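Chemist: A structural model of the following input is requested.
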Amino acid sequence: AFFANKVEHESRHCNGKGLQRQGSSSFDRVYTANQNCGHAYPTFLAVLWCAGLLCSQAPAAFAGLMYLFVRQKYFVGYLGERTQSTPGYLFGKRIILFLFLMSVAGVLNYYLVFFFGSDFEIHIKTITSAISPLLLIP
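Modeler: Numbers count the residues shown, from 1 in each chain. Modelled structure (predicted):
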């Protein structure tokens, strides 16, 4: 909602009318940042749910909150210079990778239980809980 509101505000500020695609460079930056965020959220939601369901909920929730904060930083950075959005983009990519690896670990644990009877769920939860604070390091 914040991103869409910024696009609408910038559109009205530049054109004085309703939402229009053509505008100034500031409108183009806001519109592009909004589109980039909108395209990234389905992937984020998929890996967040998989990591939470298949691995551990607490580290997945922590990583999800961090990702939302990072996307906000990316969006605000994109409004200025495009190079200001790069740290937010890279940080978000690292969080998505962490959630993906949590999902893979959960799937592997399921198949280990199914085929061999070995359950490593406690070890996986301990490792992900220990690694999740490292996401705070830029």
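
Chemist: what residue lies at the spatial centre of the protein?
Modeler: Closest residue to the average C-alpha location of the chain: residue 67 at 4.0 Å, with CA atoms, centre = their mean.

Chemist: is it correct that that one is in contact with residue 92?
Modeler: Yes. With contact defined as CB atoms under 8 Å, residue 67 and residue 92 form a contacting pair (6.0 Å). All C-beta spots, glycine's among them, are computed from the backbone N, C-alpha and C.

Chemist: show me the contacts for the residue nearest to the centre of the chain.
Modeler: 44, 48, 92, 95, 96, 99 (CB atoms under 8 Å, 6 or more residues apart in numbering).

Chemist: let's see which of those residues end up in helices.
Modeler: Those of the contacts of residue 67 mapping onto helices are 44, 48, 92, 95, 96, 99, per DSSP state H.
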